[in-house]
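**Student:** Please work out how this folds:
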Amino acid sequence: MVVYESDGWIRFPRVKFRDRSTVCIILRVFINNKLLKFYYAHSTLTGWIPELIFIADKSFNKNTVWRRLLMGHKKGQTLVTITTGNMTDNEADGVGLVPTHTYAVLDAREFNGLQLLQVKNPWNIKRWIGPYSHLDTINWTPELMSLLNYDRLQAVHNDDAPKDTLNLGYNPQFFLEIKNDTKKDSATYILLSKHITTTGKNRDFITLHLYNETEGKRIFYPSTPWKELRFNAPPGESRYTIVVDKRKEEVSETKSLEFTLKCYCMSQFELTEITEVQKQYPTEKQVVGKWTTETAGGNPNEITYLNNPQYRLSMDPQSCKSPEDKLRIQLMLEGPKKYAMHVKLVWGNGKRITSVLAKDILVQSTGYNYGFCYCEMEDIRPGDYTIVVSTLEPGLVGDYVLTVASNFEFKLTPIPLEGAGLYRRDIHGEWLGVNAMGCVDNTDYNKNPCYHIKVKEMTTIKIRLQVSDIKPSPMLGVNIYEKHPTKFLGNEIGNSGPYANFPQGVCTDDVTLPHNNEGYVVVFSTWSRDESGKFNAFVYSDRNITIEAI
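**Tutor:** The predicted structure is shown next:
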């Protein structure tokens, strides 16, 4: 079997066929043990509902099918598509097919007993890589290529970049509820027809996605649909989401297309449009941002995660019309399709998040998704929150669009990077055997790496401590003391809290240092003794200060 782009060909499979005088026929076949189906469609012109004919039917006959297909194509009496069945990602990649996806048959030819179909993937994603594909150097003879007007070498250089959208949220979506009051399954057909209102070449491709177990809710991720568009509804009530999708030549394309959606079922059903996103969340704000070399921090396991773009989300309690109103929020992040990305909403009083604990996360997108991710939460309390947008890997530079929507008014403002607008001093130190003395409870604690800080006037400082080369990462601590004239360490005036081993390190709160003659001492330590390795510290201050190793 062979499948293809408009520049590739497929060999007609060995199948049997139920001989019926119908204009519209669906023929299911197995290719390499994978289910496909041929779909002869002319329902728009004939009003005929396509019929499923299974390969297990004893009356299947390959030659009969091929003759009808070839003759119908030559006379222009038939439209043919081919549909793949369920496959794993590895299986699909191995043959260059998209699972549960429909391909258009552009041509049918026979040459020296070889039966070929020219097939096009409307979405231009993936290419057939089997026999008679652009990679096949054995079966393509000069005679065959000349007959079919096919240039294999030129086809190798064709671009197969994905052009379909990764966000289905704004697509037209419909809720299908079937009430089957019998004890048998009810046959159900769903048909989509595009309205052609202009002359010229038709380059606008549309399709349907059918999802079950959604309770009729809106779909955002273009995951594998549940079924083809002919299925059997089980006894009782069943609910589905239907998504109408189109290929987009460019991201900015806003061209409108009109269509008709029809459903045929042996049981009573209701087909209604799902409320548009804009109606669910009438207040919407968009931020066009960019991951730069400074802000592309990667996932929470990276030491640079704290540098990711972050935003303060402020919801005024006064915006709630009544105590009974439930405040809802939705976050959507779109960016380069080759980047796996993530968005989360965190308790943070609108301040920059440096390390994330599970208990602090209100809602987040499911894992890291390529090109698009979203999350939504219902019944959120008014207040200030922090939004973090990140990529799976650090250092991925690129643009993104963050969309925040709610049923109440809110404010959205960017949060500056840690230390923005402040003086910064970098310290590069090392714990060795003689100065790796552990926490403050250990003997000789003051032999840990210590630095003398001098200020000329009242100064506010913040200090972050990080390690990158010590594995596993030790529990870290930063303590700031007044420098005592005789005892060396005087009163403690600031610290980084309990010892912790966050990948991003630990950091003190803002600590105010009044001017004094002795100055101050900062101690960098690990919880356990003898934790040897290098460390980095970053000291931020609103005044210029002097720092010296002791």
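**Student:** Extract the residue ranges of the stretch 151-300 of the chain that are flagged as low pLDDT.
**Tutor:** 153-154, 156-165, 197-204, 223-224, 227-228, 247-255, 276-278 (pLDDT under 70).
**Student:** hey, where'd the strands end up in it?
**Tutor:** Assignment of strands within the stretch 151-300 of the chain using DSSP state E, counting those that start in this stretch yields the ranges 173-180, 186-194, 206-212, 230-233, 236-246, 259-265, 268-273, 283-291.
**Student:** Would you reformat those as JSON lines and include distance to Glu492 and mean neighbour count?
**Tutor:** Quick note: C-beta positions are derived from backbone N, CA and C, even for glycine. Formatted as JSON lines, those follow (distance: least, Cβ to Cβ, whole Å; neighbours: other Cβ atoms under 10 Å):
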{"stretch": "strand 173-180", "distance to Glu492": "59", "mean neighbour count": "20"}
{"stretch": "strand 186-194", "distance to Glu492": "70", "mean neighbour count": "17"}
{"stretch": "strand 206-212", "distance to Glu492": "58", "mean neighbour count": "18"}
{"stretch": "strand 230-233", "distance to Glu492": "69", "mean neighbour count": "19"}
{"stretch": "strand 236-246", "distance to Glu492": "59", "mean neighbour count": "19"}
{"stretch": "strand 259-265", "distance to Glu492": "69", "mean neighbour count": "14"}
{"stretch": "strand 268-273", "distance to Glu492": "64", "mean neighbour count": "13"}
{"stretch": "strand 283-291", "distance to Glu492": "39", "mean neighbour count": "15"}
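**Student:** for these, which one sits closest to Met341?
**Tutor:** strand 283-291 (9.1 Å; Cβ to Cβ).
**Student:** which secondary structure elements does the next helix or strand after that closest one contact?
**Tutor:** Scanning forward in sequence from strand 283-291 by DSSP states H and E, the next helix or strand is strand 310-315. Applying 3 or more Cβ pairs under 8 Å, 6 or more residues apart in numbering; DSSP states H and E, we find strand 310-315 packed against strand 383-391, strand 398-406, strand 411-414.
**Student:** In strand 310-315, which residues are buried?
**Tutor:** 310-315 (16 or more other Cβ atoms under 10 Å).
**Student:** Neighbouring strands - and their directions - for it?
**Tutor:** Neighbouring strands of strand 310-315 in its sheet, by DSSP bridges, are strand 383-391 (antiparallel), strand 411-414 (antiparallel).
**Student:** how far out from the middle of the chain is the shortest one?
**Tutor:** Averaging C-alpha positions (Cα atoms, centre = their mean, to the nearest Å) puts strand 411-414 23 Å from its chain's average.
**Student:** could I get it in PDB with only the CA atoms?
**Tutor:** Extracted C-alpha coordinates of strand 411-414, given in PDB (Å, rounded to 0.1, in the frame of the first residue of the first chain):
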ATOM      1  CA  LYS A 411      -5.900  44.300  35.900                       C
ATOM      2  CA  LEU A 412      -2.900  42.700  34.300                       C
ATOM      3  CA  THR A 413       0.500  44.100  34.800                       C
ATOM      4  CA  PRO A 414       4.000  42.700  34.100                       C
END
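**Student:** Provide the secondary structure category for Lys359.
**Tutor:** Classification of Lys359 by DSSP: H, G, I helix; E, B strand; the rest coil places it in helix.
**Student:** any idea how far Trp347 is from it?
**Tutor:** 8 Å (Cβ to Cβ, to the nearest Å).
**Student:** out of the two, which sits in the more crowded spot?
**Tutor:** Trp347 (15 against 6; other Cβ atoms under 10 Å).
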